[in-house]
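Novice: Predicted coordinates and the sequence they were generated for:
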Amino acid sequence: MYFLKKATYQYFAGDKYIEVDSIILILDGSVSILNEYDQFIETCSNSFVGLDTIFLNVREWCYYKLICHAEVSVLSIDIKSFSNIVSSYSALSEYFHYQANRLNLLLLHFEVTKDSLVSQINLLPYLSSLEQILFDPGIVNGSSFLLNNVFLILYSGNLIHDSGREVFPGQIYDCSSLPIDGEWLSLGRSCLYVYRDEDKYEENEHIQTSTILP
């Protein structure tokens with residue numbers, strides 16, 4: 001166990017406080033995560049940082065900074081030992097993989113909307129309710145990911161409709177604005193997340209339908 005002093009740290013930078021080959025567990029206190037453009041992503045406390053280093057299939061949006069506003073107590077775990085523990089328990093692997101995807105989804109959204117703030121929304125209230133859908137390369141039925149869902153965000157891959165309409169990674173799409181009829185094509189293996197709780201969505205005043213990209 002050791003302490004991170006009040007400062008800003010660039011993760012994976014080989015800093016003397018944060019080793020490249022370690023997972024950080026925040027024991028006491030909290031840190032703010034910022035992306036490379038110094039945009040605030042989220043606050044972390046009693047959680048792990050650096051999980052994307054043990055999952056090679058996690059999209060590589062892992063450049064970020066940690067800001068400690070006060071001294072923080074942390075535990076450093078080397079990646080090899082952590083990976084051995086996680087790989088032995090499928091439930092742990094699924095949980096930590098979800099946590100890694102969660103942060104990278106936020107980083108991806110901020111990355112692709114950095115020059116268009118009107119299309120940038122606060123995903124944090126919805127992350128725990130997002131459902132993952134995976135598509136292999138080939139034809140996709142639009143109803144399989146559009147019907148009864150409020151919005152979607154493509155995490156990786158490409159989806160193109162036969163009308164020419166395309167869904168791009170990191171952007172938020174109102175499902176009702178996308179065509180269900182016709183054929184969608186998944187170029188490569190595609191991963192997207194959908195949100196279906198319409199009541200909770202409409203009650204959140206900080207997100208308006210007009211901010212969702214058509």
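Specialist: Perfect, I can see it now. Numbers count the residues shown, from 1 in each chain.

Novice: ok, residue 158 touching residue 187?
Specialist: Yes: with contacts defined as Cβ atoms under 8 Å, residue 158 counts as touching residue 187 at a distance of 4.1 Å. The way it works is simple: take the backbone N, C-alpha and C, and place the C-beta from them, glycine included.

Novice: who touches both of the two?
Specialist: Counting by Cβ atoms under 8 Å, 6 or more residues apart in numbering, no residue touches both residue 158 and residue 187.

Novice: where along the chain do the strands fall?
Specialist: Here the chain has its strands, by DSSP state E, at 2-4, 7-10, 22-28, 30-35, 40-45, 48-49, 64-68, 72-78, 131-135, 138-140, 151-161, 166-167, 172-174, 184-195.

Novice: Next, format those as CSV and append distance to residue 97.
Specialist: Below are those laid out as CSV (distance: least, Cβ to Cβ, whole Å):
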stretch, distance to residue 97
strand 2-4, 25
strand 7-10, 24
strand 22-28, 13
strand 30-35, 18
strand 40-45, 17
strand 48-49, 12
strand 64-68, 18
strand 72-78, 17
strand 131-135, 10
strand 138-140, 23
strand 151-161, 12
strand 166-167, 23
strand 172-174, 22
strand 184-195, 12
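
Novice: what's the domain layout of this protein?
Specialist: 2-112, 118-211 (automatic domain parsing).

Novice: any idea which of the ones you listed scores lowest on pLDDT?
Specialist: Ranked by mean pLDDT, these bottom out at domain 2-112, with a mean of 75.

Novice: how about a markdown table for the domains of the chain, with mean neighbour count added?
Specialist: What follows is these, written out as a markdown table (neighbours: other Cβ atoms under 10 Å):
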| stretch | mean neighbour count |
| --- | --- |
| domain 2-112 | 16 |
| domain 118-211 | 15 |
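
Novice: Compare the strands of the chain and give me the one nearest residue 124.
Specialist: Comparison of these against residue 124 by Cβ to Cβ identifies strand 40-45 as nearest, at 6.2 Å.

Novice: contacts for that closest one?
Specialist: By Cβ under 8 Å, 6+ apart, strand 40-45 touches 26, 29-35, 64, 103, 106-107, 110, 124.

Novice: if you set the cut-off to 7 Å instead, what comes out?
Specialist: 26, 29-35, 64, 106-107, 110, 124 (Cβ atoms under 7 Å, 6 or more residues apart in numbering).

Novice: what are the pairing partners of it, and which direction each?
Specialist: strand 30-35 (antiparallel) (DSSP bridges).

Novice: Spit out the contact partners of the most centrally placed residue in the chain.
Specialist: Nearest to the geometric centre of the chain sits residue 105, at 1.8 Å (Cα atoms, centre = their mean). Residue 105 sits next to 153, 155, 193 when contact means Cβ under 7 Å, 6+ apart.

Novice: mind running it again at 6 Å?
Specialist: Residue 105 is in contact with residue 155, counting by Cβ atoms under 6 Å, 6 or more residues apart in numbering.

Novice: Next one: it relative to residue 70, how far apart?
Specialist: Plainly put, residue 105 is 28 Å away from residue 70 if you go by Cβ to Cβ, to the nearest Å.
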